[in-house]
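**Q** how would this look folded up:
(one chain, ligands or ions: 1)
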Amino acid sequence: MNNAFVLAQISDLHIKTAGRLSYKKVDTLGALKNCIAQLNALRPAPDAVAITGDLTDFGKDEEYAEVRALLDTLTLPWFAIPGNHDDRAAFRRAFADKPWLPVAGEFINWTVDDFPVRLIGLDSTVPEKPWGELCDARAAWLREQLAAAPDTPTILMLHHHPFISGIDHMDRQNLRDDGRLARVLINAPQVERVLCGHVHRFMVAQLAGVVVCTAPGTSHQVAPDFTPDGPAHFVLEPPGMLLHRWSRAHGVSTHYLPLGQYDGPWPFYDENGLID
Ligand SMILES: [Fe+2]
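**A** From the prediction side, this is the model:
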């Protein structure tokens, strides 16, 4: 059994068709191309890539065709859950050949046991609604999955953030579950991280003692505006990804990587020691 595992997380790709810009501003397709090139070039290569929702902007088949064509250039195994901008039926059509995609059932929930860390993808979407839910059926499925491997380190991912970020327009569309996810996690100490997308920013929070990380978007970020009832605005800060590095001895450490080309790496030391 391997004693280390690296999961890259990308999120909120928001792909449109035929070069159209998201919100008439954002080249989401170009951004994803850059992101995939950067992922493919990472050394050492991550073991897998998790995509935490909003693969498309409007859930259209043509948008899935665009995103699928690009994802097929990714040289790493990848897994995806839907977000509020996805459409379950179109998502299923686009990824029907993927072994992780469930063939039956209403929700796109899956579990992957290919790695030393178990990956659970939880579909938190509500058709036509921007917020998320963990209904009785999905909570029962999650409890069942967790009970099946109580001693295996596990990373759980869902699109909607199960906490209050302070960005009001996003918090009006967070996970609405009346504390259900927290109650599940209290009885599942094997869950070492919860990963989300949706908020288009890197955030860290805690739920029932488990660290929850949200990934930055691969293109645009939500403006970090804590004004009560502040406007729903985005900013073109550097896009990013997360690398979650797990080892049996030390658990998970999460690294934030801005996407783009930056100077370096340069040495701290030369033959005389620390460079002055
Ligand atoms: Fe999004």
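
**Q** make it CA atoms for all contacts and neighbour counts henceforth
**A** Fine.

**Q** Nearest the middle, which residue of the chain would you pick?
**A** Nearest to the geometric centre of the chain sits residue 52, at 2.8 Å (C-alpha atoms, centre = their mean).

**Q** Do you know the pLDDT at that residue?
**A** Looking at residue 52, its pLDDT is 98.

**Q** quick one: it and residue 158 touch, right?
**A** Yes: at 6.5 Å, residue 52 and residue 158 qualify as touching, with contact defined as C-alpha atoms under 8 Å.

**Q** Could I get the full set of strands for the stretch 151-276 of the chain?
**A** For the stretch 151-276 of the chain, the strands defined by DSSP state E, counting those that start in this stretch occupy 154-158, 175-176, 191-196, 203-207, 210-214, 221-222, 234-235, 240-247, 251-258, 269-270, 273-274.

**Q** Give me the buried stretch members for the first one, please.
**A** Judged by neighbour count (16 or more other C-alpha atoms under 10 Å), strand 154-158 contains these buried residues: 154, 155, 156, 157, 158.

**Q** Out of these, which is nearest to residue 38?
**A** Nearest to residue 38 among those, counting by C-alpha to C-alpha, is residue 157 at 22.3 Å.

**Q** residues contacting that closest one?
**A** Counting by C-alpha atoms under 8 Å, 6 or more residues apart in numbering, residue 157 touches 52, 81, 119, 120, 121, 122, 194, 195, 196.

**Q** Beta-bridge partners for it, please?
**A** residue 121, residue 195 (DSSP bridges).

**Q** what does the stretch 1-150 of the chain have sitting close to the ion?
**A** When proximity is defined as C-alpha under 5 Å from the ion, the stretch 1-150 of the chain approaches the ion at residue 12.

**Q** residue in the stretch 1-150 of the chain nearest to the ion?
**A** The stretch 1-150 of the chain approaches the ion most closely through residue 12 (4.3 Å), counting by C-alpha to the ion.

**Q** what's the neighbour count on that residue?
**A** For residue 12, the count of nearby residues is 30 (other C-alpha atoms under 10 Å).

**Q** swap in residue 164?
**A** Residue 164: 13 neighbours (other C-alpha under 10 Å).

**Q** The one 10 residues further on too?
**A** Residue 174 is surrounded by 23 other residues when neighbours are defined as other C-alpha under 10 Å.

**Q** these two touch, right, it and residue 161?
**A** Yes: look at residue 174 against residue 161 with C-alpha under 8 Å: they come within range, at 5.3 Å.

**Q** average pLDDT for stretch 19-35?
**A** Mean pLDDT, stretch 19-35: 93.

**Q** Ignore what I typed, I meant stretch 230-244.
**A** What stretch 230-244 shows for mean pLDDT is 97.
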